[in-house]
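Undergrad: Output the structure for:
(chains A, B, C and D)
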There are 2 protein chains.
Amino acid sequence: MARAVSETHGEILAAAARRFGVTGYRGTSLQDIAREVGCSKATVLYHFANKEALLAELMAPAIGVLRDLDDQLTGLTGAAAQEVAAQGFVDLAVRFRREIAVLRGEFPELLCQPAFAHIQQISDRLRDALAGNSDRPGARIAALVLLAGISEACAEFVDIPDDDLRAALLALVRRAVEPVEAQLPHPPTTEDKDS
Amino acid sequence: MARAVSETHGEILAAAARRFGVTGYRGTSLQDIAREVGCSKATVLYHFANKEALLAELMAPAIGVLRDLDDQLTGLTGAAAQEVAAQGFVDLAVRFRREIAVLRGEFPELLCQPAFAHIQQISDRLRDALAGNSDRPGARIAALVLLAGISEACAEFVDIPDDDLRAALLALVRRAVEPVEAQLPHPPTTEDKDS
DNA sequence: TCAGACCCTGACCGATCGGTCAGAGAACAC
DNA sequence: GTGTTCTCTGACCGATCGGTCAGGGTCTGA
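TA: Purely as a prediction, here's the structure:
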């Protein structure tokens, strides 16, 4: 009965992605995943230390790309930051549609888990970048609406080809983002958010 | 110890709204709510038939307004539908910020409950209206992004005055919505990527 | 005074959750 | 053969969930 370890491991991961995407992380039990794979719950816990570890491994690739995007944004401000954030996030959201569906709405509590501790800060920086680092409430609100809405849309429109979805979202973002005034009144107080 | 029934009833409702808003519907136990009120779990279930009934009563006002908006949309198409949908939904989302926070991300499963059976259809019609009843994927995607994003933003920005938030969101929607071609029977399809 | 309605509670129920553990069975090296 | 390692499992655990129930206070009207 024993399969190759990597095989079962992968099957569990795939089943978890499917179930999490439909019923959410908390709404999916280890028993559900085991049933879908065709093994026992104990087998799931043989391959993964616990439920959280399973989720962490599932999200690792997406988190890696998110971190890369965050790195690209360091030092950028204004329109340049907006453009990189828009392209980067749209691309990420489209590519990792399924992973985003997993987190759907459970962000607040999942972010408390140690494996996702810094995602909140990254997404805050992403929002600021998309707002062109503007302090105007309108810009910040628009940026949050777009980030949240894009996540939701990607999780919802699973049947649209990547390229079409990416193009539509990017066009939307470019229409919707509050244009930031160029470089002119840029204050000399280069206030880096780094403390 | 016995308080007036309406008093305890209201306290439970208020406590449930607070807890649901923070930890979500499924993430909040009846015990949590009872603890916040300062009564026993049995008391909560004396005032409300079950957990679902508690949620239903909490959401009733918002659902009523949503239904009214849906009525207003019947018969409208194109730009008129877009405008009514935009104003109506932004207003609703801002007014019922807390109720929206309750549903945050748990929509898919909560919609299965009989008390919320038709909300899915209403929100689908709302999305179509905001898209100007266009069939173009771009318009439909933009509409969904805006609806989902606005919900999320309202649940997040609890500290912004109603008027400011409403104005910012409305401005965003008007920028972001795909303009619908007037009444022309069919567009000249300049760059229609629709297949 | 007393019955009954109302408000509330502790104790309890079955179900399900994430997680543990001893051990069965197969594969392989010697 | 024997021993070891790897994979997998049933049985079990404590905790928590939503929900039930008998009954104890308290108030009120007859």
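Undergrad: Please enumerate residues in contact with stretch A:154-170?
TA: By CB atoms under 8 Å, 6 or more residues apart in numbering or on different chains, the surrounding residues in contact with stretch A:154-170 are A:21, A:86-87, A:90-91, A:93-95, A:97-98, A:100-101, A:104, A:150, A:153, B:137-138, B:141-142, B:144-145, B:148, B:193. Any C-beta I mention is one placed from the backbone N, CA and C, and that applies to glycine too.
Undergrad: count of residues packed around A:Tyr25?
TA: By the criterion of other CB atoms under 10 Å in any protein chain shown, A:Tyr25 has 23 neighbours.
Undergrad: Disregarding flanking residues, what is the spatial nearest neighbour of A:Leu54?
TA: Once flanking residues are discounted, A:Leu54 sits nearest to A:Phe48: 4.3 Å by CB to CB, 6 or more residues apart in numbering or on different chains.
Undergrad: what's near enough to touch A:Leu76?
TA: A:Leu76 sits next to A:84, A:129 when contact means CB under 8 Å, 6+ apart.
Undergrad: what pLDDT does it get?
TA: What the model reports for A:Leu76 is a pLDDT of 94.
Undergrad: One more: A:Ala182?
TA: A:Ala182 carries a pLDDT score of 52 in this model.
Undergrad: so how far is A:Glu99 from the residue nearest to A:Leu54?
TA: 17 Å (CB to CB, to the nearest Å).
Undergrad: More neighbours: those two, which one.
TA: Between A:Phe48 and A:Glu99, counted using other CB under 10 Å, the more crowded position is A:Glu99 (24 against 21).
Undergrad: Report the contact partners of the more buried one.
TA: Neighbouring residues of A:Glu99 by CB under 8 Å, 6+ apart: A:17, A:58-59, A:61-62.
Undergrad: quick one: what helix or strand has the closest residue in space to A:Leu126 that isn't next to it in sequence in it?
TA: Counting by CB to CB, 6+ apart, A:Ala85 is the residue found nearest to A:Leu126 once chain neighbours are left out, at 5.7 Å. Using DSSP states H and E, the element containing A:Ala85 is helix A:78-95.
Undergrad: Now do that helix: which elements does it pack against?
TA: Packing partners of helix A:78-95 (3 or more CB pairs under 8 Å, 6 or more residues apart in numbering or on different chains; DSSP states H and E): helix A:51-73, helix A:119-130, helix A:137-156, helix A:162-176.
Undergrad: Please see if the lowest-mean-pLDDT helix or strand in chain A touches DNA strand C.
TA: Every helix and strand in chain A was compared by mean pLDDT, DSSP states H and E; the lowest is helix A:107-110, with a mean of 72. No - for a cut-off given as CB under 7 Å from any atom of the strand, helix A:107-110 has no contacts with DNA strand C; the smallest distance is 13.1 Å.
Undergrad: Please put the alpha-carbon coordinates of that helix into CSV.
TA: What follows is helix A:107-110, C-alpha atoms only, in CSV (Å, rounded to 0.1, in the frame of the first residue of the first chain):
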residue,chain,number,x,y,z
PHE,A,107,-6.5,36.7,6.2
PRO,A,108,-7.0,38.5,9.6
GLU,A,109,-6.6,35.3,11.7
LEU,A,110,-4.2,33.5,9.4
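Undergrad: just checking, what packs against it?
TA: In terms of contacts (3+ CB pairs under 8 Å, 6+ apart), helix A:107-110 is packed against helix B:5-23.
Undergrad: now for the helix it packs on, which elements pack on it?
TA: If you count contacts as 3+ CB pairs under 8 Å, 6+ apart, helix B:5-23 packs onto helix A:107-110, helix B:30-37, helix B:41-47, helix B:51-73, helix B:97-103.
Undergrad: Need the contact partners of that helix.
TA: Contact partners of helix B:5-23, identified using CB under 8 Å, 6+ apart, comprise A:108-109, B:28, B:32-33, B:36-37, B:39, B:43-44, B:47-48, B:54-55, B:57-58, B:98-99, B:101-102, B:155.
Undergrad: Just the buried residues from those residues, in ChimeraX please.
TA: Buried residues among these (16 or more other CB atoms under 10 Å in any protein chain shown), as a ChimeraX selection:
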select /A:108 /B:28,32,33,36,37,39,43,44,47,48,54,55,57,58,98,99,101,102,155
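Undergrad: Just to check, the residue nearest to A:Leu126 is in contact with A:Leu130?
TA: Yes - A:Ala85 lies in contact with A:Leu130 (CB atoms under 8 Å); the separation is 4.4 Å.
Undergrad: Mark out where each domain of chain A begins and ends.
TA: The record's domain split for chain A, according to automatic domain parsing, is A:5-48, A:53-176.
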